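[1] Here is the input, now give the coordinates:
(2 chains)
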Number of protein chains: 2
Amino acid sequence: MNYHTFSEDTLRNFTKSVFIKMGCSTEHANLATDVLIKSDLRGIDSHGVARLSGYVRLWEKDRINAKPNIQIVYETPTTATVDGDGGLGLVIAPFAMKVAIEKAIMYGSGWVSVRNSNHFGIAAYHTLMAVEKDMIGFAMTNASPLVAPTFANERLLGTNPMCYAFPAGKYPPVIVDMATSAAANGKLEIAQRSDKKVPEGWIQDSKGRSSVDPHELKNGGSLLPLGSDKDHGSHKGFGLSATVDILSAVLSGANYGPWVPPFVAFLDPPTDPVGKGIGHFLGAIRVDGFRPVDEFKSHLDNWIARFKSAKTVSEDQKVIIPGEPEFAAEKDRKINGIPLVDVVVNDLNELAVKLGIKKLV
Amino acid sequence: MNYHTFSEDTLRNFTKSVFIKMGCSTEHANLATDVLIKSDLRGIDSHGVARLSGYVRLWEKDRINAKPNIQIVYETPTTATVDGDGGLGLVIAPFAMKVAIEKAIMYGSGWVSVRNSNHFGIAAYHTLMAVEKDMIGFAMTNASPLVAPTFANERLLGTNPMCYAFPAGKYPPVIVDMATSAAANGKLEIAQRSDKKVPEGWIQDSKGRSSVDPHELKNGGSLLPLGSDKDHGSHKGFGLSATVDILSAVLSGANYGPWVPPFVAFLDPPTDPVGKGIGHFLGAIRVDGFRPVDEFKSHLDNWIARFKSAKTVSEDQKVIIPGEPEFAAEKDRKINGIPLVDVVVNDLNELAVKLGIKKLV
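    Numbering: from 1, shown residues only, chains lettered A, B, ... in the order given. You can find the predicted model right below:
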């Protein structure tokens, strides 16, 4: 595959002009851009500007509202339900996290369930907002059904990620950001593009048989929950995914399970919705609600140092602290630029032509 | 294996008399008993009265304080750190959950991190306290190191369970209660007793090679995180386990990672502790902090009904809703009694002789 490398600023300006063309306010365009670029900087190429034309296609079909009236519709001192008015998840989730953080400043913790939203980008963006305030960040979202629960032969859950983020001292924050399926959809897409077999345990075919063919999802197959099969704990991956679905959607009034509208514009949303849009769940708790921040950070540093220096199976593979590779990628890409594969560059150029803005190259 | 079946009351009276003999107050003895019996009723035989003699052995070594002064040592309106004074986790965790629930009644949510505790029994007991108040319950605990993180050849984490519990309407509550390792230690113990091979992906041997020998842990092997290997997402199981460890111990001032003291009395605690005892993390959020309770319950009922009726791979295996089998077991065992294997009965009888109380049979 061929790559073109772009500076952060170039991609930022391009992305912002797309959101402005969609009719977003400058504030929303800046924020949505920041979320997407953060993903590319962190090396999560599947969730950055590669998704931009997907958001535009949903907007063209009136499935994303560029001028949402995002509102708190229900609340207590430390909880709230936010209605995103069908806007970009990229701006709704940061709004909700801000609400959570404000509640945490006042009362120690804040929790917000969100309905009527769309794809919110990388969960880590939102939890990092909390980490910057010396809080622990929580973020989850449900997503279009691709995953079959243990024993099922039907896609009933999304890859429903969970993210937990903790501020450290001298080390980067610990950030656990994971799909609750055995493999994230992005990994499957990479295998599809290169036509490579995937490991057993990622997918099942339309009859529920284990398969290594990455194209099986197009033929009625499903992704499998983390754990892959019952013997290896797939009921746990199912349980985690169910937790994300319930906190994000049953609690907020969004669609859940098989009713979650697809992220792709060529598939229509279910005609019998059980709620509004997709759902998220965001939370922030103040570290100093439990112990002084410097004590916590110094012990988390000690935790990180101990795990980094663990005895390993192989000499050339150290234990990886969650969030460490993404932090390293961001450091590198801020200096050396963000590489995009040609197929993404072409897609963005076509988007530019369609919207009448300057092409990327 | 031979079984003896006992009524709930018989086991309850026996267990209570053991805790009284240890010097627990009547209130604490009743509570600790309730937690253990709940486990046996729910069919989690590994965490019930089968553990009773283990608690006693730790008490004999002065590693459990029968008369703890359990205290809140740090707090905000919705957060608190509880010091368990080295007491039974079976009484400390319910104390902490009560604090969380009281905070949630006032402010919408409550979160308590606990240090200086011991094994807290089944996590589901504590989350059910929240469910009874129409709240969503959260419970986690760290535990003695048995699990090697991805790429490590060293036991650095416990099986660190997470539990999430949601009140439903006409259905039993949805309760996700899971070790973050590929297999819980209890499952390994069953394989050890019957000398049966375990599936690949549960354990690695002392050299970090995959093994199917259940006795490998005695020879320097380790349990593996949920996901089993990197290809199948073991870094996610590691991330979840890390999350439990940080929320339970780095946040509260308990021991974490390889410093967590062992639950078994024949292994000494590390001589260089980084905190006090083991740690838990408990939380409660009010459903009506987000939407009316009856709306939530009716949608959760709809969620459950949809998943229960999912198209399945095999005709004779339905999708299992998390918490459903345990609820069924409790219903059955309340009527038909609790079966204990002879080895547990003998162990309890020996305990009775040692403590000078009436034997079980």
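[2] make it CA atoms for all contacts and neighbour counts henceforth
    Will do.
[3] The spatially most central residue of chain A: what's it in contact with?
    Compute the mean C-alpha point of chain A, and by C-alpha atoms, centre = their mean the closest residue is A:Ile122, 3.2 Å away. Contacts for A:Ile122 (C-alpha atoms under 8 Å, 6 or more residues apart in numbering or on different chains) come out as A:Val35, A:Leu36, A:Ser39, A:His47.
[4] likewise A:Pro214?
    A:Pro214 touches A:Leu188, A:Glu189, A:Ala191, A:Gln192, A:Asp195, A:Lys196, A:Lys197, A:Val198, A:Ile203, counting by C-alpha under 8 Å, 6+ apart.
[5] ok, which pair from those is furthest apart?
    A:Asp195 and A:Ile203 (14.9 Å; C-alpha to C-alpha).
[6] The two: which is more packed in?
    Counted by other C-alpha atoms under 10 Å in any protein chain shown, A:Asp195 and A:Ile203 do not tie: A:Ile203 has more neighbours, with 31 against 12.
[7] surely that one meets A:Asn219?
    No: using C-alpha atoms under 8 Å, A:Ile203 makes no contact with A:Asn219, being 11.7 Å away.
[8] I'd guess A:His280 is in a strand, am I close?
    Yes: under DSSP: H, G, I helix; E, B strand; the rest coil, A:His280 falls within a strand.
[9] which residue sits closest to the closest residue to chain B within the stretch 51-200 of chain A in space, ignoring its chain neighbours?
    Ranked by C-alpha to the nearest C-alpha, the top residue of the stretch 51-200 of chain A for proximity to chain B is A:Ala152, at 4.1 Å. Leaving aside its chain neighbours, A:Ala152 sits nearest to B:Thr312 (4.1 Å; criterion: C-alpha to C-alpha, 6 or more residues apart in numbering or on different chains).
[10] quick one, the longest helix along chain A and helix B:89-107 angle?
    In chain A, ranked by residue count with DSSP state H as the criterion, the top helix is helix A:89-107. Angle, helix A:89-107 to helix B:89-107, by axes from the mean of the first three to the mean of the last three C-alpha atoms, to 10 degrees: 100 degrees.
[11] Helix A:89-107 - contacts with which helices or strands?
    Counting contacts by 3 or more C-alpha pairs under 8 Å, 6 or more residues apart in numbering or on different chains; DSSP states H and E, helix A:89-107 is packed against helix A:26-41, strand A:79-83, strand A:109-117, helix A:123-131, strand A:278-286.
[12] JSON lines for these, including mean pLDDT?
    Output for the helices and strands packed on helix A:89-107, formatted as JSON lines (pLDDT from 0 to 100):
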{"stretch": "helix A:26-41", "mean pLDDT": "98"}
{"stretch": "strand A:79-83", "mean pLDDT": "98"}
{"stretch": "strand A:109-117", "mean pLDDT": "98"}
{"stretch": "helix A:123-131", "mean pLDDT": "98"}
{"stretch": "strand A:278-286", "mean pLDDT": "98"}
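[13] Can you check which of the ones you listed gets nearest to A:Glu326?
    Using C-alpha to C-alpha, the nearest of the helices and strands packed on helix A:89-107 to A:Glu326 is helix A:26-41, at 8.1 Å.
[14] May I see the buried residues of that closest one?
    A:28-41 (16 or more other C-alpha atoms under 10 Å in any protein chain shown).
[15] go on, stretch A:194-205?
    Buried, per 16+ other C-alpha under 10 Å, within stretch A:194-205: A:Val198, A:Gly201, A:Trp202, A:Ile203, A:Gln204, A:Asp205.
[16] who touches A:Val97 in this structure?
    Slight slip there: residue A:97 is Met, not Val. Counted by C-alpha under 8 Å, 6+ apart, A:Met97 has contacts A:Val112, A:His126, A:Thr127, A:Met129, A:Ala130, A:Leu282, A:Gly283, A:Ala284.
[17] so how far is B:Lys354 from it?
    56 Å (C-alpha to C-alpha, to the nearest Å).
[18] name the element the closest residue to A:Ala265 other than its chain neighbours belongs to?
    Leaving aside its sequence neighbours, A:Ala265 sits nearest to A:Leu58 (C-alpha to C-alpha, 6+ apart; 5.2 Å). Assigned by DSSP states H and E, A:Leu58 falls within helix A:52-60.
[19] what is the rounded mean pLDDT of that helix?
    Mean pLDDT, helix A:52-60: 97.
[20] For that helix, C-alpha coordinates in CSV please.
    Provided in CSV are the C-alpha atoms of helix A:52-60 (Å, rounded to 0.1, in the frame of the first residue of the first chain):
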residue,chain,number,x,y,z
LEU,A,52,-14.9,11.8,7.4
SER,A,53,-16.7,10.9,4.1
GLY,A,54,-18.9,8.5,6.1
TYR,A,55,-20.1,11.3,8.4
VAL,A,56,-20.8,13.4,5.3
ARG,A,57,-22.9,10.6,3.6
LEU,A,58,-25.0,10.3,6.8
TRP,A,59,-25.5,14.1,6.8
GLU,A,60,-26.5,13.9,3.1
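[21] got the angle for that helix vs helix A:26-41?
    150 degrees.
[22] does any bit of the helix or strand just after helix A:52-60 sit next to chain B?
    Toward the C-terminal end, the helix or strand that comes next after helix A:52-60 (DSSP H and E) is strand A:71-75. Yes: counting by C-alpha under 8 Å from any C-alpha of the partner chain, contacts between strand A:71-75 and chain B involve A:Tyr74, A:Glu75.
[23] quick one: contacts of strand A:71-75?
    With contacts defined as C-alpha under 8 Å, 6+ apart, strand A:71-75 is touched by A:Ala80, A:Thr81, A:Val82, A:Asp83, A:Gly84, A:Asp85, B:Gly289, B:Phe290, B:Arg291.
[24] List the buried residues for stretch A:211-227?
    Buried-residue list, stretch A:211-227, by 16+ other C-alpha under 10 Å: A:211-217, A:220-227.
[25] quick one: which of the residues you listed sit in strands?
    A:Ser211, A:Ser222, A:Leu223 (DSSP state E).
[26] about what we covered before: can you list the buried residues in the helix holding A:Leu58?
    Quick answer for helix A:52-60 (16+ other C-alpha under 10 Å): A:Leu52, A:Ser53, A:Tyr55, A:Val56, A:Arg57, A:Leu58, A:Trp59.
[27] Skip the chain neighbours and tell me the closest residue to A:Leu247.
    Using C-alpha to C-alpha, 6+ apart, the closest residue to A:Leu247 is A:Phe281 (6.0 Å).
[28] what about A:Ala165, is that helix, strand or coil?
    With three-state DSSP as the basis, the three-state label of A:Ala165 is strand.
[29] Quick one: neighbours of it, just the number.
    Counted with other C-alpha under 10 Å, A:Ala165 comes out at 27.
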